[in-house]
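K.L.:
Structure for this input, please:
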Amino acid sequence: MGGHPYWYFVKYQEDVSQALNDLREQEFLAGRYNPAITFIDFPLTANSPAPGPKHPSIKAALKASLDDGTRSILDIDRISTHPRSQAANPLHPDTLKALYGTTQPDHKMVEEVEFLEDVERGHCVYLVIYKDGQPDELLFAGYSFD
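P.N.:
Below is the predicted model of the structure:
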């Protein structure tokens, strides 16, 4: 079938690992993961389905998703300095510069440019989004295993 893209905007936190953990917990509690919802429609909005968790833990949800994965941020369990399966790594500054003409893109810039084409299945990237020259959001984006 092929990987499915996902992306999440969250409020900026200096501790990116904590931001990732908070996002994973939020999406688990919302029930936005396979197999609770087979395919999640992105971008998420206030009207996105949130049936609640269908498993007792993230670990149980991961186990139940089998080889497909959860098709969500739940598949990503750590931050890495370089691309790795099941990890989020920062989008390289040269890539940011090539895509946006800056290493400090704002929200509107990020929405207008597709940058996932080089991301492998089961991998995730993140970047800091700026507002008025200050970090404002983090974007986590990747492809599911299937």
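
K.L.:
Now do the phi/psi pair for R121.
P.N.:
Dihedral pair for R121: phi -60, psi 140, per degrees, to the nearest 10.

K.L.:
For it, which non-adjacent residue is closest in space?
P.N.:
Nearest non-adjacent residue to R121, counting by CB to CB, 6 or more residues apart in numbering: G3, 3.9 Å away. The way it works is simple: take the backbone N, C-alpha and C, and place the C-beta from them, glycine included.

K.L.:
quick one: secondary structure of the one you found?
P.N.:
Under DSSP: H, G, I helix; E, B strand; the rest coil, G3 falls in the coil class.

K.L.:
same thing with K108?
P.N.:
Here K108 is helix, with the state taken from three-state DSSP.

K.L.:
wait, doesn't the residue nearest to R121 sit right on H123?
P.N.:
No - contact criterion CB atoms under 8 Å: G3 and H123 do not qualify, at 9.2 Å.

K.L.:
tell me, what's touching those two both at once?
P.N.:
Common contacts of G3 and H123, defined by CB atoms under 8 Å, 6 or more residues apart in numbering, comprise Y143.

K.L.:
which one of those two has more residues nearby?
P.N.:
H123 (23 against 18; other CB atoms under 10 Å).

K.L.:
which other residues reach the longest strand along the chain?
P.N.:
When the chain is parsed with DSSP state E, its longest strand is strand 134-143. For strand 134-143, the surrounding residues in contact (CB under 8 Å, 6+ apart) are 3-14, 16, 19-20, 23, 73, 75-76, 88, 106-107, 110, 115-116, 119-131.

K.L.:
hmm, back to that, can you tell me how far the residue nearest to R121 is from S57?
P.N.:
24 Å (CB to CB, to the nearest Å).
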